[in-house]
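Student: sequence and computational prediction follow.
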Amino acid sequence: MLHKNTLLLHLVILLAALCFAGCAPSLPEGMPPIYPCTITLTQEGVPLEGASVALIPEDTTLTFVFAGATTSDGSIEMYSHGKHRGVPAGKYKLIVTKNDHEIQNEKVWDVSLVDIKYSKPDTSPLQVDIAEKKNKFTFELGKAVKTQTSPARSLEEYFGPPRL
């Protein structure tokens, strides 16, 4: 009897494994094969946590989203469409933003915490070439900055009216 129970348990585990192996989300129609891509960002030699990262394909026929945010060690594992780990092979511009706000004298404005040249495809010097393998890239973004990116507004204009 113990042998039958053990055999049955192994069969259930095998069937569950086979079911879950086929449950990975399939790629959207038209998306080419994807390859793992990890990017690490530092600023002044320190991992840059909480930066938004996007890859803009040189191939303009790729209309999929390749984006995410860096973790505490400054790294990001790139995903396609937010749920597929990896990126199609090809050349990409790397876009990086990290924003905050400043408050002074009851005025608030947005600031960029990385050089704003990294925020647009036409000014970012950062590029990656995704190959048909595991891809790892590291970029140093230079000095920390606080560049004002919006006009100063009152606290109420910026955050909305106080909630009671």
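Tutor: On my side now, so go ahead.
Student: pretty sure residue 158 is in a strand, no?
Tutor: No - Residue 158 is assigned helix when assessed by DSSP: H, G, I helix; E, B strand; the rest coil, not a strand.
Student: can you pull out the low-pLDDT segments for this protein?
Tutor: 1-25, 28 (pLDDT under 70).
Student: and the helices in it?
Tutor: For the chain, applying DSSP state H gives helices covering 2-21, 155-159.
Student: residue nearest the centroid of this structure?
Tutor: residue 68 (1.5 Å; CA atoms, centre = their mean).
Student: ok, now which ones touch it?
Tutor: Taking CB atoms under 8 Å, 6 or more residues apart in numbering, we find residue 68 in contact with 52, 53, 76, 77, 78, 79. The way it works is simple: take the backbone N, C-alpha and C, and place the C-beta from them, glycine included.
Student: from the residues you listed, which ones fall inside strands?
Tutor: 52, 53, 76, 77, 79 (DSSP state E).
Student: show me which residues of stretch 77-86 are buried.
Tutor: For stretch 77-86, the neighbour count (16 or more other CB atoms under 10 Å) marks 78, 79, 80, 84, 86 as buried.
Student: if you could redo that for stretch 85-93, that was the one I meant.
Tutor: Under 16+ other CB under 10 Å, the buried positions of stretch 85-93 are 86, 87, 88, 89, 92, 93.
Student: just give the number of residues close to residue 108.
Tutor: For residue 108, the count of nearby residues is 17 (other CB atoms under 10 Å).
Student: any idea how far the closest residue to it other than its chain neighbours is from residue 98?
Tutor: Once flanking residues are discounted, residue 108 sits nearest to residue 158: 3.9 Å by CB to CB, 6 or more residues apart in numbering. The spacing between residue 158 and residue 98, counted by CB to CB, to the nearest Å, is 19 Å.
Student: those two - which one has more neighbours?
Tutor: Neighbour count, other CB under 10 Å: between residue 158 and residue 98, residue 98 has more, with 23 against 15.
Student: what's the spacing between the more buried one and residue 105?
Tutor: Taking CB to CB, one finds residue 98 at 24 Å from residue 105.
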